[in-house]
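Participant: Quick one, fold the following:
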Amino acid sequence: MRFVLTIVAVLWCSAAIAVAGSPKNYGKALTLKETTKVSEILADPAKYNGKKVRVEGAVVEVCKKRGCWITLSSDKEFESIQFKVDDGVIVFPLDAKGKNAVAEGIVSAKTYSAEDLIKQGEHKAEEQGTTFDPSTVKGPKTVVRIMGEGAVIK
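Facilitator: You can find the predicted model right below:
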């Protein structure tokens with residue numbers, strides 16, 4: 001009997017480890033085969049604006065309030081891109097931070113006024129539980145993000 005319980009315990013632990021390490025799908029299934037480098041999108045946002053892309057990178061940030069976006073690292077140092085989804089449609093867990101992701105969506109390159117950027121900065125600070133200094137905003141800015149359709153976090 002003790003032997004059987006030991007075998008069951010080992011199998012259960014092995015299954016739990018396998019599930020914990022397996023990729024998790026969010027949203028729609030990925031369909032694109034070719035990956036676009038984040039650095040290429042950021043270097044020429046107009047070229048990719050409105051186009052569906054597949055990107056890969058480490059998750060460096062997750063929306064703490066609703067899980068409605070993740071920030072993916074670029075292939076170039078000190079670059080990243082936000083992968084935004086509709087609130088409640090996909091919810092990314094906080095423990096996604098530090099994991100690798102493959103994600104697909106439509107590139108959005110939009111120029112925002114200083115007033116809009118201040119509102120966005122205040123909103124993000126509220127979501128993240130941080131502070132925001134409006135004086136850091138200097139004029140209009142083009143914001144590049146991916147409007148997410150689906151992702152796999154490994």
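
Participant: Tell me how many other residues surround Tyr26.
Facilitator: Using other C-beta atoms under 10 Å, Tyr26 has 22 neighbouring residues. Heads up, the C-betas are built off the backbone N, CA and C, glycines and all.

Participant: what does Val85 give?
Facilitator: Val85 - counted by other C-beta under 10 Å - has 25 other residues nearby.

Participant: ok, how many other residues are close to Val102?
Facilitator: Applying other C-beta under 10 Å, I find that Val102 has 18 neighbouring residues.

Participant: Buried residues, the helix or strand in which it is found. List them.
Facilitator: Per DSSP states H and E: Val102 is located in strand 100-112. Residues of strand 100-112 classed as buried by neighbour count (16 or more other C-beta atoms under 10 Å): Ala101, Val102, Ala103, Glu104, Gly105, Val107, Ser108, Ala109.

Participant: and if you look at stretch 48-59?
Facilitator: Judged by neighbour count (16+ other C-beta under 10 Å), stretch 48-59 contains these buried residues: Tyr48, Val53, Arg54, Val55, Glu56, Gly57, Val59.

Participant: which one of the residues you listed sits closest to Leu72?
Facilitator: Distances from Leu72 to those, taken as C-beta to C-beta, are shortest for Gly57 (3.6 Å).

Participant: tell me the mean pLDDT for the strand holding Val102?
Facilitator: Summarised as a single mean, pLDDT over strand 100-112 is 97.

Participant: neighbouring strands for it, and are they parallel or not?
Facilitator: strand 52-62 (antiparallel), strand 141-153 (antiparallel) (DSSP bridges).

Participant: circling back: kindly reformat the buried residues of stretch 48-59 as JSON lines containing pLDDT.
Facilitator: Listed next are the buried residues of stretch 48-59 as JSON lines, based on pLDDT from 0 to 100:
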{"residue": "Tyr48", "pLDDT": "98"}
{"residue": "Val53", "pLDDT": "98"}
{"residue": "Arg54", "pLDDT": "98"}
{"residue": "Val55", "pLDDT": "98"}
{"residue": "Glu56", "pLDDT": "98"}
{"residue": "Gly57", "pLDDT": "98"}
{"residue": "Val59", "pLDDT": "98"}
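
Participant: just those now: which is nearest Val89?
Facilitator: The closest of the buried residues of stretch 48-59 to Val89 turns out to be Val59 (C-beta to C-beta; 17.9 Å).
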